[in-house]
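J.: Take a look and give me a structure for this.
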Amino acid sequence: MWNDRCAVNEPTVREWIQAAKARLVAAGIESADLEAQLLAAHVLLVDRPWLIAHSGEPFPSLAGESVLAARLSGKPLAYILGWREFFGRRFAVRPGVLIPRQETEVLVETALSLVSGFRPRVLDLGTGSGCIAVSLKLSRPDWDVVASDVSCEALEVAQQNALDLGAVAEFVESDLFAGLRGEFDAIVTNPPYIGFDEPLADEVARFEPRLALFGGATGLDIYERLSREAWSFLKPGGLVLMEVGHQQAQVVGDLFSSSGWGVREPIMDLSGVARVIVCMR
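T.: Next up, the predicted model:
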């Protein structure tokens, strides 16, 4: 934390935040006030309430300029801070790992409401940062949670998040089901579902891992594989719960239905988008 009260020609915390907010607004960044505060707190290694209580303290402008320049270049805030909040907890993230999104919380909530039974075995397929697997395990300690990913880097981050947050889960390197064994009561997944030609926000396209974003030309490659391969890894009556992209719910539901799955009505996110598809063996 910055403690040099004798700093000369440095802005105060309040002044730096106001100037940073103005530059973020000019760059078209939403939630500029919040982001300026988070960047300031990151530089000072404090929380946001500290900023309010010490708004007249001197602020190290050189360090502040470094993080602000990174944000203005388009680097996602979560990669600068090194974390993203998900389901009420902070998950470490870094370049090479998909940043958790709020809409994915609907997938976790749906799994928690639908998966039942004695010590169900649940697979988080394509775990990324581990936000789904860890949230499920901490919410239901009696569940046996397995988390898989094809990316070694993602698994490293997911395992560290599990350790830091106190969740005991099994982590497996696997290209979809290739490295997995046994059957599951439920498979929960937020797969890559963006088509190659779909427009993306610049900071997403430039900084987030393509492996975790793109699902083939139409964005449906993983869903097609799941509709064929997931059956063999589910117990009778088991569920597949999937996040889907905007306007994909109908086509993904039809894809699974034509492959013999029972498909429930899609679950909406807070924006009214059909976000989660649930299929039953």
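
J.: for the biggest strand by length in the chain, packing partners?
T.: Criterion DSSP state E: the longest strand present in the chain is strand 234-243. Judged by 3 or more Cβ pairs under 8 Å, 6 or more residues apart in numbering; DSSP states H and E, strand 234-243 is in contact with helix 104-114, strand 184-189, helix 221-229, strand 274-280. To be clear about C-beta, it is placed using only N, CA and C from the backbone, and glycine gets the same treatment.

J.: In JSON lines: these, plus mean neighbour count.
T.: Converted to JSON lines, these look like this (neighbours: other Cβ atoms under 10 Å):
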{"stretch": "helix 104-114", "mean neighbour count": "19"}
{"stretch": "strand 184-189", "mean neighbour count": "24"}
{"stretch": "helix 221-229", "mean neighbour count": "18"}
{"stretch": "strand 274-280", "mean neighbour count": "23"}
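
J.: quick one: contacts of the longest strand of the chain?
T.: 103-104, 106-107, 110-111, 114-115, 183-191, 193, 223, 226, 230, 252, 256, 261, 275-281 (Cβ atoms under 8 Å, 6 or more residues apart in numbering).

J.: and if you look at stretch 209-229?
T.: Applying Cβ under 8 Å, 6+ apart, the contact partners of stretch 209-229 are 95-98, 126, 128, 150-151, 154, 176-177, 187, 189, 191-198, 200, 204, 240, 242, 244-245, 248, 251-252, 255-256, 259, 261.

J.: and the next helix or strand after the longest strand of the chain, average pLDDT?
T.: Per DSSP states H and E, the first helix or strand lying C-terminal to strand 234-243 is helix 249-258. Across helix 249-258, pLDDT averages out at 97.

J.: can you list contacts of helix 249-258?
T.: So helix 249-258 is contacted by 220, 223-224, 226-227, 240, 242, 244, 263, 266, 274-275, 277, 279 (Cβ under 8 Å, 6+ apart).

J.: That one: which residues count as buried?
T.: Ala249, Val252, Gly253, Leu255, Phe256 (16 or more other Cβ atoms under 10 Å).
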